[in-house]
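Peer 1: please work out how this folds:
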Amino acid sequence: MRDGILKHCKPQMHLHLASPVVSITVAILTAATAGHTEASLPYDCTAWCRNTSVNTLLASAIPTCLVDLNDSMVWAKHVIPDSATTLNSLGSYHQCKYEPGNEVLSGYQMCVLDVLDPTRSFTVVTQGMCLPDSCQGDAIELLVRQIVACPGSSLVETYLSEGCWGLNQTVVRGFLNGTWDVLARLAAIQAYTGNEPLNVQFHCGDNVAKSWDAGAIAILSLTGTLILLCIVSEIVEQSEQRVVRQAVRSTPSPVAVNRGSDSDTPDRIGSPRGQLAQPLLGNGHRSSASPWAESHRSKPMWRKFLKAFCLSDTVVSLLERSTNRTLSGLDGLRSLSMMWIILAHTQLVGLSLGTDNQDAKSLMKESLPQQFTLGSSLAIDIFFFLSGMLTTFTLLQRMRKNGKNKFPAPIFILLRYLRLTPLYAYVLCLYATVVVHLGQGPVWFRLEREAGNCRQEWWTNILYVNNFIPHEFHQTCMPWSWYLACDMQYFITGLFILTVFVSPMTSTVVKSMNDFLHCRYLRWRPVGLALAIGLVFVGVVSGYMLLSANTSAQDNYFDKPYTRVTPFAIGILLGILFVDRDLVRMRVPSLISSLMMFVSLGVMGGVIYVDYVNFTPKTKPWSARQDAAYQSFGRLGFALAVAVVSFTCVNNNHGLVNRFLSLGIWEPLGKLTYGAYLVHPIIIRAYYYQQVMLVHYVPFNQFVIFVAMVVISYGVAALLWLIVELPFASLTKLVFARSR
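Peer 2: Residues are numbered from 1 along each chain as shown. The predicted structure follows:
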């Protein structure tokens, strides 16, 4: 997500000192933790050590930690050798936690200090420290923030000179030995944080979830129930199919009678699914007394409910290919965009946690091939474009087929909600309650903190308003789900525009115009088109104004519907042209089609790679206005280019690009896109957050991880398709079919 995060990150420190602890760490260790509430720690930067009330509070907070830190053997045995020796390192995790040569706990824990960038999305400094189990991370974090909030170094100097809270100055100064450069490191960290205490986090321990709460037990019980339903449904389905096959063998078909033999009837019938789908040869219809008619008679509601979970049906539905699909090339476009997003998240999440090579961000930003990864937010624009075009195309095609000039917008919105929400809610609950139990490690607390947001803000996701509430992006539940909120809001907006577009005007004057123009009716087409075109300009203008004002790109631009609406509106316009002007039947000469495709792909590549000049060390970075112009007008150009690519694929079925995008592999992958989008960030986080060492950034290593993330994400998405996504979609159809 380059727009809101990476572009605004400062380069990482290049400090390679022999000390295992950063400056702020020394202050932490010597102060030996603080109280339990921020209210008890006023930011008094001059006389903390002399403050009697604060001194009493801190001295009584964790006395065991004070005793341990005053013991020189504690420093010599674990604190010094097992802590990180350089910045951006986690130290020796196993040596800190376990006694040498066995798995006996040593009584020490690995603690992690994170210094975050201003957006609190990237870790610019990570430091691992081996401390006694008696030291509490949450209390130390409060003291860290106190030190960072105080400008200069007076507070640390007071710690070191006055022996606050009963510290043994002989021990502390003996290990300082004049080589740790405490004050210089503190100044560097304060520069990164801007003396903002909330940009510092500190945590101790593996953060292993101790017990399974009611929410975790509930979601596991639901998962077991869904799997059981699938198994029972498959058993019942196979039993019924066995009865049908036996009945077919005992009933001679017209083919067998005509040929004088029924020996090959079972082989010609084929699979059980084929038996129910293909009519018997001969008279073209089945007798009411045949077993085939019996199998198609109305089934009780409980059986229809159970059949929605039939595994054989869901597997076939996933793998089968539709015939004569007008927009088949869009499956490839959707799937490749999803892989583009996984590629970006694989690398950016790894970078956001910190790397042991401190110039990783610079290496990535200054690499021309990596510019493709940095431009990944444009893949979301492809999703928005496809959403607008497919919504419009499907709706207008259905209206043309049915001969109706209106549609029930509220019912469509409800159907959309019921189609998306079951899988969304299931993954959200799984992430908030179960995933936290599936790993451990010194940085696993990061996942629990993110999952904790879901336990607080889950309702904003279910209502699809999580791109507005909460305002700060890093506090949202499943931050990547902002796209779903925007997409739902766009869907409602698109239905309103299409309602205006297809509404007939029935006045006497209009009827006379209809007769004169030989039309069935005159619609509010100009108004509907004007609304769609207006949305294009809303996205461009609002994006330019917000970014040029130097507002927070992540919180005010990246996930807001009014700044990202341009590709959706262009999709609506193309969908209208496909149906209303019958552009799907237009045949473009091959030479012109190839030229259009070449230019469009060139524009898409240009939008992605022109931003490279903004990152190279030899060029001057763009101003806020220049960057705002690129983000706003670049997205417009990219969306228009995607629209032309889609048009040429639909109207030139034999083109090379369309052939590739229409390969059979893309259709099942396209069906799994929604599930893969929901789960892939969780899988990526689960991988990175269990590491006991920071990742060393190398492009090839990142590519290997990316391939693994794609395979695992689509594999999990396939399982969710079988037990959650398609069964609940079938139940929704069943309910609405029954209501009719």
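Peer 1: how far does the longest helix seen in the chain sit from the chain's center?
Peer 2: Scanning the chain for the longest helix, with DSSP state H as the assignment, gives helix 214-250. Relative to its parent chain, helix 214-250 has a centroid offset of 31 Å by C-alpha atoms, centre = their mean, to the nearest Å.
Peer 1: what helices or strands is that helix leaning on?
Peer 2: With contacts defined as 3 or more C-beta pairs under 8 Å, 6 or more residues apart in numbering; DSSP states H and E, helix 214-250 has these neighbours: helix 265-269, helix 272-277, helix 291-295, helix 301-307, helix 311-319, helix 409-433, helix 726-739. C-betas here are computed from N, CA, C, even on glycine.
Peer 1: residues in contact with stretch 667-678?
Peer 2: 318-319, 321-322, 328, 330-332, 334-335, 338, 341-342, 420, 423-424, 427, 478, 480-481, 483, 713-714, 716-718, 720-721, 725 (C-beta atoms under 8 Å, 6 or more residues apart in numbering).
Peer 1: buried among those residues? Make that a ChimeraX selection.
Peer 2: Paste this into ChimeraX to select the buried members of the contacts of stretch 667-678, with burial taken from 16 or more other C-beta atoms under 10 Å:
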select :318,328,330,331,332,334,335,338,341,342,420,423,424,427,478,480,481,483,713,714,716,717,718,720,721,725
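Peer 1: out of the contacts of stretch 667-678, which are inside strands?
Peer 2: Assignment to strands by DSSP state E places none of those there.
Peer 1: ok, back up a step: residue 129: which of the helices and strands packed on helix 214-250 is closest?
Peer 2: helix 409-433 (29.2 Å; C-beta to C-beta).
Peer 1: helices or strands up against the helix or strand following that closest one?
Peer 2: Once the chain leaves helix 409-433, the next helix or strand it forms, by DSSP states H and E, is helix 445-462. Under the contact definition 3+ C-beta pairs under 8 Å, 6+ apart, helix 445-462 sits against helix 409-433, helix 673-688.
Peer 1: and the angle for the shortest one with helix 445-462?
Peer 2: It refers to helix 673-688. 160 degrees (axes from the mean of the first three to the mean of the last three C-alpha atoms, to 10 degrees).
Peer 1: ok so, going back, go through the helices and strands packed on helix 445-462 and name the closest to residue 733.
Peer 2: Closest among the helices and strands packed on helix 445-462, using C-beta to C-beta: helix 409-433, at 9.0 Å.
Peer 1: now do the closest one: distance to the chain's middle.
Peer 2: In this view, helix 409-433 has its centroid 15 Å away from the chain centroid, taken as C-alpha atoms, centre = their mean.
Peer 1: so that helix versus helix 445-462, what angle?
Peer 2: Helix 409-433 runs at 160 degrees relative to helix 445-462, counting by the same axes, to 10 degrees.
Peer 1: which parts of helix 409-433 are buried?
Peer 2: In helix 409-433, the ones that count as buried by 16+ other C-beta under 10 Å are 412, 416-424, 426-433.
Peer 1: quick check: mean pLDDT across it?
Peer 2: Helix 409-433 comes out with an average pLDDT of 94.
Peer 1: what do you get for stretch 583-595?
Peer 2: Summarised as a single mean, pLDDT over stretch 583-595 is 81.
Peer 1: neighbours around residue 660, how many?
Peer 2: 13 (other C-beta atoms under 10 Å).
Peer 1: measure it to residue 669 for me?
Peer 2: 13 Å (C-beta to C-beta, to the nearest Å).
Peer 1: cool, and residue 676?
Peer 2: The value you get for residue 676 to residue 669, if C-beta to C-beta is used, is 8 Å.
Peer 1: out of the two, which sits in the busier spot?
Peer 2: Neighbours were counted for residue 676 and for residue 669 using other C-beta under 10 Å; residue 676 has more, 26 against 22.
Peer 1: list the contacts of the residue nearest to that one when sequence neighbours are not counted.
Peer 2: Spatial nearest neighbour of residue 676, chain neighbours left out: residue 717 (4.3 Å); criterion: C-beta to C-beta, 6 or more residues apart in numbering. Counting by C-beta under 8 Å, 6+ apart, residue 717 makes contact with 672, 673, 674, 675, 676, 678, 679.
Peer 1: hmm, 6 Å instead?
Peer 2: Taking C-beta atoms under 6 Å, 6 or more residues apart in numbering, we find residue 717 in contact with 672, 675, 676.
Peer 1: could you dump the residues you listed to JSON lines with pLDDT and distance to residue 236?
Peer 2: Below are the contacts of residue 717 laid out as JSON lines (pLDDT from 0 to 100; distance: C-beta to C-beta, whole Å):
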{"residue": "672", "pLDDT": "95", "distance to residue 236": "26"}
{"residue": "675", "pLDDT": "96", "distance to residue 236": "26"}
{"residue": "676", "pLDDT": "97", "distance to residue 236": "30"}
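Peer 1: make TSV from the residues you listed and add distance to residue 655 to it.
Peer 2: Listed next are those as TSV, based on distance: C-beta to C-beta, whole Å:
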residue	distance to residue 655
672	26
675	30
676	27
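Peer 1: among the residues you listed, which one sits closest to residue 611?
Peer 2: Nearest to residue 611 among those, counting by C-beta to C-beta, is residue 676 at 26.5 Å.
Peer 1: and the closest one, how close does it get to residue 670?
Peer 2: Distance from residue 676 to residue 670, by C-beta to C-beta: 10 Å.
Peer 1: just residue 429 next, same as before
Peer 2: Taking C-beta to C-beta, one finds residue 429 at 26 Å from residue 670.
Peer 1: ok, for the residue sitting nearest the centre point of the chain, nearest residue in space, not its chain neighbours?
Peer 2: Geometric centre of the chain, nearest residue: residue 480, 3.4 Å, by C-alpha atoms, centre = their mean. Once flanking residues are discounted, residue 480 sits nearest to residue 681: 4.8 Å by C-beta to C-beta, 6+ apart.
Peer 1: what's the answer for residue 570, then?
Peer 2: residue 639 (4.6 Å).
Peer 1: what does residue 491 give?
Peer 2: residue 416 is the one closest to residue 491 (C-beta to C-beta, 6+ apart), at 5.6 Å.
Peer 1: same check, this time on residue 453
Peer 2: With C-beta to C-beta, 6+ apart as the criterion, residue 453 has its nearest non-adjacent residue at 4.8 Å, and that residue is residue 477.
Peer 1: what comes up buried for stretch 585-599?
Peer 2: 588, 593, 594, 596, 597.
Peer 1: again with stretch 467-474
Peer 2: Buried residues in stretch 467-474, counted by 16+ other C-beta under 10 Å: 467, 473, 474.
Peer 1: could you export that stretch as CSV, CA atoms only?
Peer 2: The C-alpha atoms that make up stretch 467-474 are tabulated as CSV, following Å, rounded to 0.1, in the frame of the first residue of the first chain:
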residue,chain,number,x,y,z
ASN,A,467,-13.4,2.6,6.1
PHE,A,468,-14.8,5.4,8.2
ILE,A,469,-15.0,4.0,11.7
PRO,A,470,-12.5,4.0,13.4
HIS,A,471,-10.8,6.9,11.7
GLU,A,472,-7.2,5.6,12.2
PHE,A,473,-6.4,2.8,9.7
HIS,A,474,-4.1,0.9,12.1
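Peer 1: outside of that stretch itself, list whatever touches it.
Peer 2: With C-beta under 6 Å, 6+ apart as the test, stretch 467-474 has contacts from 120, 121, 460, 479, 482, 485, 486, 554, 555, 559.
Peer 1: ok, stretch 340-355 next?
Peer 2: If you take C-beta under 6 Å, 6+ apart as the criterion, stretch 340-355 is touched by 88, 121-123, 126, 373, 376, 379, 680-681, 684, 688, 694-695, 697, 702, 705-706, 709-710.
Peer 1: quick one: secondary structure of residue 361?
Peer 2: Taking DSSP: H, G, I helix; E, B strand; the rest coil as the rule, one finds residue 361 in the helix state.
Peer 1: picking that back up, now the longest helix of the chain against helix 409-433, angle please.
Peer 2: 120 degrees.
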